[in-house]
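Asker: Show me how the following folds:
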Amino acid sequence: MSVLIGYAWSILMDALLINIFRKKFEEVMPLAYITGGFCLFLFGLFEHISYGYYFSLILCVISFLWILYLYIKDKEGFKAFLQRFFTIGFVAFTVMFLFIFFLQRNRGFSIADEFWNWGLQVREDFRLDSFISEESRYANRAYPPFLTIIELLFCYFGGAFQEGYCYRGLTTFCLSLYLPLLGCFDIRKKKDWIRTLIYVLVFFLLGICISVTVTDGDYPHIYNTIYVDVPMGLFSAYCFYQVYTQKRWEVFTLVNTVLSITVLLLLKQTGMAFAAMVIVFLIFLVIRDSQEKKKIDKKKLFLTIGLIIGIPLLVYGGWSVYAYLQGNSANTLDMLSSEKVRNFFLYLTDPTQEKHQVILNYVDVFLHRPLVLQPLSFSFFTYSIFISVILFLILFFLYRDKASAFALSLIYYLGSLAYAAARIFLFLTIYNEHQGTYFVSYDRYMKSYLYIGTILAFMLVMKKMAEEQENKKATLKTAAVLLCTCLFVEPANLNELVPSDKYTGYNNERMGWILNMLESTEEGSRFFFVEQYIFDQGRQDVLDYVLLDSSYDVDVYTLGPDTWDGQQSMDISVEEYLELLKNYDYLFLIYPDEVYAEKYWETTTDEPLINQRLFHIDEVTEDGVELTIVGDFPVGFDIIDKRVK
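Answerer: You can find the predicted model right below:
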């Protein structure tokens, strides 16, 4: 039922925009989802997200009645509507929507941030019907919410929160951004059906392009995670593409541009930098267009620029005020506090500072560490140059637009340097010591930027290929685009496009053992888990997510030298260990090691140390801890590291 409701909602919202703007189906589909997202966003600011969904349903009813009116009263208008609605883009969307349903219906959360932030945010927003509340249990409650709103919309289609709905929402929205590329194809031409099929294959392949690095073989993309980084890069590329290829003085273009830039601001704080780049490029295009006409309409020019900048900032300001009133800070200004800026320049200029070496290490990573492996090995620095050159060549030779070629390539390349500088600033001033020193998630953050140029280059080429309707070699050129896309894809990642017949997330398969264990204990019990440097079965983020609505409390500890920043790693004394145990009812040994055995176990109890055994904590004294064996609860996976048996 969810797929039928979602499909009906999508085409009716699209039909409404078709009648408003007189555009084709594929041209307004991204705006249809953006419109639905803003319905939920605006009502969510008043603590009723669901009202936004009901309002969007009212818009769908209006759309249906409008179509009915055209059918009864305006035959010519109805005929024109059908020509815009039943296009090759409509067929492509229908096929893509159904395929995404089967592709993502068994997908589940598996990566850390999905459990403690992105996925949990959707779950809590659905439960509480608001974005930020004292009852909210996810970490970054002030994060801009737009992508989670799209996922939430698909949960409303299904009438419940499900992890698979989140993936379907994200993937459908992301792939809809490519649909305007089909606007030049004619549903009546057999050649265009073949080209559309090729383009749809390219759309899906672009979702997994440049998705593997030396340090991250399972890099998040739009199919295997709901992380915002790749969708933000894709949406930024869509914004660049729209402002360059659309007629800049049309009402539709203005509305679409304003709302798209606003969405960029509401995806993540980083989106502000990407939105600024789009705005700079757009201002260049508007000024150039005005100069080419020799007579500049200053009123029209300033009004357009004012709307493009003013409305997004107004909406983002509204979100920031809302977050502040709810007791949360969006942290955008906090990141640039005078103290942080002063410290950063101290690290940069003073070689005696320990973090000065971190900056030097970052420069080396920036210049040399392979970040892209397909089609060749590139670092962030070299790939940004490569894509800048590609963008220049595309606009210079394919579009015969010398000025825009220089402007776009320069904006993209200078933006890459600024983005890299901003990242090291954040690593040194915002993140904790471990994250800042080892550049945690560097690949994911930096590839978000590289994804912009990669996707934009493909979109610009595909647009030009689609326009060559009368060229006998058009189909061959389209096939060449597919071949070129394959060069950027790691073959092993093609399995992400194969639907799974069973749940693929971390939750059910790997966490069933803990549910069995909890049934052997009392409601409200507190558990002390020992998992030494593995962070697999006893992941704190997953446990918190699984037990969110239960009365049990589980804390996972790694005791010993601090070699990792997560899971409450602590190098404490035996006395502190015993004091800590007083707060718990049970002790569970997931993966103890020699360090734990020698320092903490053998000095405090005579019980045998058995892996994956649960003990009840009877009494804790200065001399040790008295334990009672409850039972053994295997996690169901082999122990592959050296551990105490």
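Asker: Kindly export stretch 17-37 (C-alpha atoms) in CSV.
Answerer: Provided in CSV are the C-alpha atoms of stretch 17-37 (Å, rounded to 0.1, in the frame of the first residue of the first chain):
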residue,chain,number,x,y,z
LEU,A,17,3.1,21.9,-10.8
ILE,A,18,2.6,21.0,-14.4
ASN,A,19,-0.6,23.0,-14.5
ILE,A,20,0.9,25.9,-12.5
PHE,A,21,4.1,26.3,-14.5
ARG,A,22,3.2,24.7,-17.9
LYS,A,23,6.3,22.4,-17.7
LYS,A,24,6.8,18.7,-18.6
PHE,A,25,6.5,15.9,-16.0
GLU,A,26,10.3,15.3,-15.7
GLU,A,27,11.1,19.0,-15.3
VAL,A,28,9.0,19.5,-12.2
MET,A,29,9.4,16.2,-10.4
PRO,A,30,12.3,17.4,-8.2
LEU,A,31,10.3,20.5,-7.3
ALA,A,32,7.3,18.2,-6.4
TYR,A,33,9.3,16.5,-3.6
ILE,A,34,10.8,19.9,-2.6
THR,A,35,7.3,21.3,-2.3
GLY,A,36,6.1,18.3,-0.2
GLY,A,37,9.2,18.7,2.0
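Asker: what sits against Leu627?
Answerer: Listed by Cβ atoms under 8 Å, 6 or more residues apart in numbering, the contact set of Leu627 reads 587, 605, 607, 615-618. Glycine gets a C-beta too; all of them are placed from N, C-alpha and C.
Asker: hang on, I meant Leu265
Answerer: Leu265 sits in contact with 144, 271-272, 275, 312-313, 315-316, where contact means Cβ under 8 Å, 6+ apart.
Asker: Compute the distance between it and Ile311, please.
Answerer: Relative to Ile311, Leu265 is positioned 10 Å away (Cβ to Cβ, to the nearest Å).
Asker: what sits in contact with each of the two?
Answerer: Jointly contacting Leu265 and Ile311 under the rule Cβ under 8 Å, 6+ apart is no residue at all.
Asker: Go ahead and flag the most central residue of the chain.
Answerer: Val228 (1.5 Å; Cα atoms, centre = their mean).
Asker: Any of the contacts of Leu265 buried? List them.
Answerer: When the contacts of Leu265 are checked for burial by 16 or more other Cβ atoms under 10 Å, the buried set is 144, 271-272, 275, 312, 315-316.
Asker: Tell me the one of the residues you listed nearest Asn583?
Answerer: Pro144 (36.6 Å; Cβ to Cβ).
Asker: Tell me the secondary structure at the closest one.
Answerer: Using DSSP: H, G, I helix; E, B strand; the rest coil, the structure places Pro144 in coil.
Asker: Please list all residues in contact with it.
Answerer: By Cβ under 8 Å, 6+ apart, Pro144 lies in contact with 265-269, 271, 316, 319, 330.
Asker: Tell me the confidence at it?
Answerer: Note on Pro144: pLDDT of 85.
Asker: now it: how far from Phe64?
Answerer: From Pro144 to Phe64 the distance is 32 Å (Cβ to Cβ).
Asker: Same question for Glu519.
Answerer: 50 Å.
Asker: cool, Met29 as well?
Answerer: Met29 is 17 Å from Phe64, where distance means Cβ to Cβ.
Asker: Just want to know which of these two has more residues nearby.
Answerer: More crowded of Met29 and Phe64, by other Cβ atoms under 10 Å: Met29, with 30 against 14.
Asker: For Leu128, which non-adjacent residue is closest in space?
Answerer: In this structure, Leu128 finds its nearest non-sequential neighbour in Glu135, 5.9 Å apart by Cβ to Cβ, 6 or more residues apart in numbering.
Asker: Let me know whether that neighbour touches Glu47 as I believe.
Answerer: No: at 11.6 Å, Glu135 does not count as touching Glu47 under the criterion of Cβ atoms under 8 Å.
Asker: More neighbours: which of the two?
Answerer: Shown here are Glu135 and Glu47; by other Cβ under 10 Å, Glu47 has more neighbours (15 against 9).
Asker: isn't Phe458 right up against Thr485?
Answerer: Yes: using Cβ under 8 Å, Phe458 is in contact with Thr485, at 6.8 Å.
Asker: Show me whatever sits in contact with both of these two.
Answerer: 202, 206.
Asker: who has more neighbours, the two?
Answerer: Ranked by neighbour count (other Cβ under 10 Å), Phe458 and Thr485 place Phe458 first, with 25 against 19.
Asker: Just say helix, strand or coil for that one.
Answerer: Secondary structure, three-state DSSP: Phe458 is helix.
Asker: Look up the closest residue to it, ignoring the ones flanking it.
Answerer: Computed as Cβ to Cβ, 6+ apart, the closest residue to Phe458 that is not its neighbour in sequence is Leu206, at 6.2 Å.
Asker: distance of the one you found from Arg195?
Answerer: The spacing between Leu206 and Arg195, counted by Cβ to Cβ, is 16 Å.
Asker: next one: Thr621
Answerer: Taken as Cβ to Cβ, the span from Thr621 to Arg195 is 78 Å.
Asker: just Phe154 next, same as before
Answerer: Distance of Phe154 to Arg195, computed by Cβ to Cβ: 30 Å.
Asker: ditto for Pro592
Answerer: Counting by Cβ to Cβ - Pro592 and Arg195 are separated by 60 Å.
Asker: When the two are compared, which one has more neighbours?
Answerer: Taking other Cβ under 10 Å, Pro592 and Arg195 do not tie; Arg195 has more neighbours (26 against 22).
Asker: What is whichever strand or helix holds Gly119 packed up against?
Answerer: Per DSSP states H and E: Gly119 is located in helix 119-128. Counting contacts by 3 or more Cβ pairs under 8 Å, 6 or more residues apart in numbering; DSSP states H and E, helix 119-128 packs against helix 146-158, helix 163-176.
Asker: mind redoing it with 10 Å?
Answerer: Judged by 3 or more Cβ pairs under 10 Å, 6 or more residues apart in numbering; DSSP states H and E, helix 119-128 is in contact with helix 49-73, helix 146-158, helix 163-176, helix 540-546.
Asker: Just send those back as JSON lines, with distance to Ala421 too.
Answerer: Formatted as JSON lines, the helices and strands packed on helix 119-128 follow (distance: least, Cβ to Cβ, whole Å):
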{"stretch": "helix 49-73", "distance to Ala421": "37"}
{"stretch": "helix 146-158", "distance to Ala421": "26"}
{"stretch": "helix 163-176", "distance to Ala421": "28"}
{"stretch": "helix 540-546", "distance to Ala421": "30"}
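Asker: for Pro634, helix, strand, or coil?
Answerer: Secondary structure assignment for Pro634 (three-state DSSP): coil.
Asker: Any idea how many residues pack against it?
Answerer: For Pro634, using other Cβ under 10 Å, the count is 11.
Asker: what's the distance between the residue nearest to Pro145 when sequence neighbours are not counted and Lys268?
Answerer: The shortest distance from Pro145 to any non-neighbouring residue, by Cβ to Cβ, 6+ apart, is to Phe131 (5.4 Å). Remark: distance between Phe131 and Lys268 (Cβ to Cβ) = 15 Å.
Asker: Fine by me, thanks again.
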